[in-house]
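1. Got a sequence here, can you model it:
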Amino acid sequence: MTTELGNRTAAWPRYESEMSPIVSAWLRERGCKVYAEVQFHERRIDHVGIDADGMATGVEMKRRYGWRLLSQALIAQLACDETWTASVNRPKPKDIEQCAEHGAGVLLVSSGGVTVLLEASHRSRYLNRLLKARMVEYLAAAPEGGIGGLTSKALRASKQ
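-> Next comes the predicted model:
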């Protein structure tokens, strides 16, 4: 499936594993070390980027935009300074409004790259500094790239 995105034609990723290298490249462009499938309270955050200042950026991905994607991003706000939702379909205006209300950013992902539809609020209102410190400490001991799951395999493949 292709569509016009800006002035380029781009194919839409079919699976989260195809979205993963695109989102991780976007995080790296922002100066982050990227980790995938980060364990967090019996869940996993799809991607976490840590920049040179120690700011944690969480990205939750789904093929289709929906409430489940936003709810995962809200949970990630407990440990991340900013969170983003990423999908391959354009969210409805009400979905973007809900993200804005909660401070989550909105990304549209295609094989041509990432388009920011809504900037995330810096400094999540739900941030728990102790949870963030524990996550950053955990990631400091882990190799950059994947930590677990299919996403980590896609990340390793994208670095080669």
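
2. show me where the protein has strands.
-> For the chain, strands defined by DSSP state E occupy the ranges 2-5, 8-11, 33-40, 43-50, 56-61, 82-87, 105-110, 113-118, 145-146.

3. Quick check: neighbours of the third one in the sheet, parallel or antiparallel?
-> In other words, strand 33-40. Sheet pairing of strand 33-40 (DSSP bridges) gives strand 43-50 (antiparallel), strand 145-146 (parallel).

4. ok, now the fifth one?
-> Strands flanking strand 56-61 in the sheet, each with its direction: strand 43-50 (antiparallel), strand 82-87 (parallel) (DSSP bridges).

5. which residues are contacting it?
-> Residues outside strand 56-61 that contact it (C-beta atoms under 8 Å, 6 or more residues apart in numbering): 16, 19-20, 23, 27, 30, 32, 45-51, 69, 72-73, 76-77, 79-87, 107, 109, 120, 132, 135-136. Placement of C-beta: from N, CA and C, glycine included.

6. now that strand and strand 113-118, what's the angle there?
-> Angle of strand 56-61 versus strand 113-118, following axes from the mean of the first three to the mean of the last three C-alpha atoms, to 10 degrees, is 100 degrees.

7. Could I get the average pLDDT for strand 56-61?
-> Average pLDDT, strand 56-61: 94.

8. one step back: of the strands paired with strand 33-40, which approaches residue 101 most closely?
-> Nearest of those to residue 101, taken as C-beta to C-beta: strand 43-50 at 20.8 Å.

9. For that closest one, buried residues please.
-> 44, 45, 46, 47, 48, 49, 50 (16 or more other C-beta atoms under 10 Å).

10. Can you give me the first-to-last residue distance of stretch 48-56?
-> Stretch 48-56 has its terminal residues 7 Å apart, counting by C-alpha to C-alpha, to the nearest Å.

11. Number the residues from 4 up from this point.
-> Sure, I'll start numbering at 4, so the last one becomes stretch 51-59.

12. so who does residue 16 touch?
-> 22, 25, 66, 91, 112, 113, 114.

13. Can you give me every residue that contacts the fifth one?
-> For residue 112, the contacting residues are 15, 16, 22, 25, 26, 64, 89, 90, 91, 118, taking C-beta under 8 Å, 6+ apart as the criterion.

14. Distance to residue 100 added to these, as CSV?
-> Converted to CSV, these look like this (distance: C-beta to C-beta, whole Å):
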residue, distance to residue 100
15, 24
16, 25
22, 23
25, 25
26, 23
64, 20
89, 18
90, 16
91, 20
118, 18
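
15. Can you tell me which of those lies closest to residue 99?
-> The nearest one, if we look at the contacts of residue 112 relative to residue 99 and count by C-beta to C-beta, is residue 90, at 11.6 Å.

16. Fine, thanks again, bye for now.
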